[in-house]
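# Have a look at this fold, sequence not included:
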């Protein structure tokens, strides 16, 4: 049998660099590897010796798309290690900041990174050049800008915000600064509902898998900053027990770690699809109504339909942002000080980044400096699951022309919205037939 190869130098429309290698012999898939060749950046190592407040700012630089998630996981974990309790009002303001990040990230992925796969365009730039689709692109840019503005008002700037800290915020916004955002947020909420209806009309490939969904879960609210780690197969643990149930390991073909469940050694899924399946009843009223409008049936086990889950979370983020602004009381003081003199301690916490569960653990020494750090981003937790999906999915597309098969594989990977830069401590697609 003649050997066949598909080479795509870089996977388009994802954060970071990597490759996919698929081997086929006698029309049977014999190997699938996600080769993450982006080099490790050693954040965990160079955090050692830093102060807790420096750590919150440094970890934000891990990602330009979801810096708030890194700040929030770090701040909560370090507050546990140091015995710091933020003042009243900080908790709600942190949720509001997270709403801004969800808006930024989800609008970017839905309309700019993933939508082109469904509507026959290679990029958002190509979409903008199509008169029939240009209004959708312009609307999406405005929706994202509203999220950017919300993050700027609270965090000081829209990328790598600087206001969040251990104990709260260096500066809390005035109520008038937030209420000025209400008209735009109300407009965007209606557009987000329309976006869910639009997303429901897309042609999703027919593919499902038996996932173990994993996310935070909170009894009273949709999970952002707090909760217990739960799964669709009965796991229900405090965040502090995360490392007893989930294991990161090196694989030969990747610079990024792969995560597995301890014991079963199986993969699992984190992210919007996991959150919606596990926390649907705690979505906002408009988000649940939007799901009813499109007759969404749970559980959703088609990874391509994560686009719908992101749409529902986008509706939720706009609606909750409006609710939080309506009830906002400026925290005074805006932060609690770190105890002096410092004491050694350890703390672990996880929050829900737009792409999924983000776990941080820190040990602080007697001088108040970071002695050890552990960061497990969502994409490294999903990498093994992506490979497992491809093992199942590739046989169904082998009969297609090479270009179409390649696009389908890329589309599956993009469904996870992987942030490879975060996961490193594709897509070159190389399809071999023996």
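Arrived safely, thanks for sending. Computed from a predicted structure; not experimentally measured.

# average pLDDT for stretch 147-161?
Averaging pLDDT along stretch 147-161 yields 95.

# do stretch 184-199 as well
pLDDT averaged over stretch 184-199 gives 98.

# Residues in a beta bridge with the nearest residue to residue 236 once chain neighbours are set aside, which ones?
In space, and not counting its chain neighbours, residue 236 is closest to residue 230: 5.0 Å by C-beta to C-beta, 6 or more residues apart in numbering. Glycine gets a C-beta too; all of them are placed from N, C-alpha and C. Here residue 230 sits in beta bridges with residue 215, residue 236, going by DSSP bridges.

# And the strands in the stretch 301-434 of the chain?
Counting by DSSP state E, counting those that start in this stretch, the stretch 301-434 of the chain has strands at residues 345-353, 356-364, 370-376, 428-433.

# Make a markdown table out of those and add mean neighbour count, distance to residue 276 and mean pLDDT.
Converted to a markdown table, the strands of the stretch 301-434 of the chain look like this (neighbours: other C-beta atoms under 10 Å; distance: least, C-beta to C-beta, whole Å; pLDDT from 0 to 100):
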| stretch | mean neighbour count | distance to residue 276 | mean pLDDT |
| --- | --- | --- | --- |
| strand 345-353 | 24 | 11 | 98 |
| strand 356-364 | 25 | 12 | 97 |
| strand 370-376 | 19 | 22 | 95 |
| strand 428-433 | 18 | 29 | 58 |
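
# Let's have these in JSON lines, adding distance to residue 240.
Shown next, in JSON lines, are these (distance: least, C-beta to C-beta, whole Å):
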{"stretch": "strand 345-353", "distance to residue 240": "5"}
{"stretch": "strand 356-364", "distance to residue 240": "9"}
{"stretch": "strand 370-376", "distance to residue 240": "12"}
{"stretch": "strand 428-433", "distance to residue 240": "39"}
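
# for these, which one sits closest to residue 55?
strand 370-376 (5.8 Å; C-beta to C-beta).

# So which elements touch that closest one?
Judged by 3 or more C-beta pairs under 8 Å, 6 or more residues apart in numbering; DSSP states H and E, strand 370-376 is in contact with helix 43-46, helix 52-60, strand 356-364.

# and residue 300, which of these is closest to it?
Of these, nearest to residue 300 by C-beta to C-beta is strand 356-364, at 15.3 Å.

# The closest one: partners in the sheet, and parallel or antiparallel?
Sheet partners by DSSP bridges: for strand 356-364, these are strand 345-353 (antiparallel), strand 370-376 (antiparallel).

# Kindly calculate the angle that the shortest one makes with helix 52-60.
The reference is to strand 370-376. Going by axes from the mean of the first three to the mean of the last three C-alpha atoms, to 10 degrees, strand 370-376 is angled at 30 degrees with respect to helix 52-60.

# Would you mind listing the buried residues in stretch 218-237?
Residues of stretch 218-237 classed as buried by neighbour count (16 or more other C-beta atoms under 10 Å): 218, 222-232, 235.

# err, stretch 398-417, not the other one
398, 405-417.

# cool, stretch 371-391 as well?
In terms of neighbour count (16+ other C-beta under 10 Å), stretch 371-391 has its buried residues at 371, 373-390.

# Just to be sure, which of those are found in helices?
Using DSSP state H, the members of the buried residues of stretch 371-391 that fall in helices are 378-390.

# Using JSON lines, lay out those residues together with pLDDT and distance to residue 121.
Output for these, formatted as JSON lines (pLDDT from 0 to 100; distance: C-beta to C-beta, whole Å):
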{"residue": "378", "pLDDT": "93", "distance to residue 121": "27"}
{"residue": "379", "pLDDT": "90", "distance to residue 121": "25"}
{"residue": "380", "pLDDT": "88", "distance to residue 121": "30"}
{"residue": "381", "pLDDT": "94", "distance to residue 121": "30"}
{"residue": "382", "pLDDT": "94", "distance to residue 121": "25"}
{"residue": "383", "pLDDT": "91", "distance to residue 121": "27"}
{"residue": "384", "pLDDT": "93", "distance to residue 121": "31"}
{"residue": "385", "pLDDT": "96", "distance to residue 121": "27"}
{"residue": "386", "pLDDT": "93", "distance to residue 121": "23"}
{"residue": "387", "pLDDT": "91", "distance to residue 121": "27"}
{"residue": "388", "pLDDT": "95", "distance to residue 121": "29"}
{"residue": "389", "pLDDT": "95", "distance to residue 121": "24"}
{"residue": "390", "pLDDT": "91", "distance to residue 121": "24"}
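
# now for the helices and strands packed on strand 370-376, which one comes closest to residue 131?
strand 356-364 (36.5 Å).

# what's the offset of that closest one from the middle of its chain?
Centroid displacement of strand 356-364 relative to its chain, using C-alpha atoms, centre = their mean, to the nearest Å, is 15 Å.
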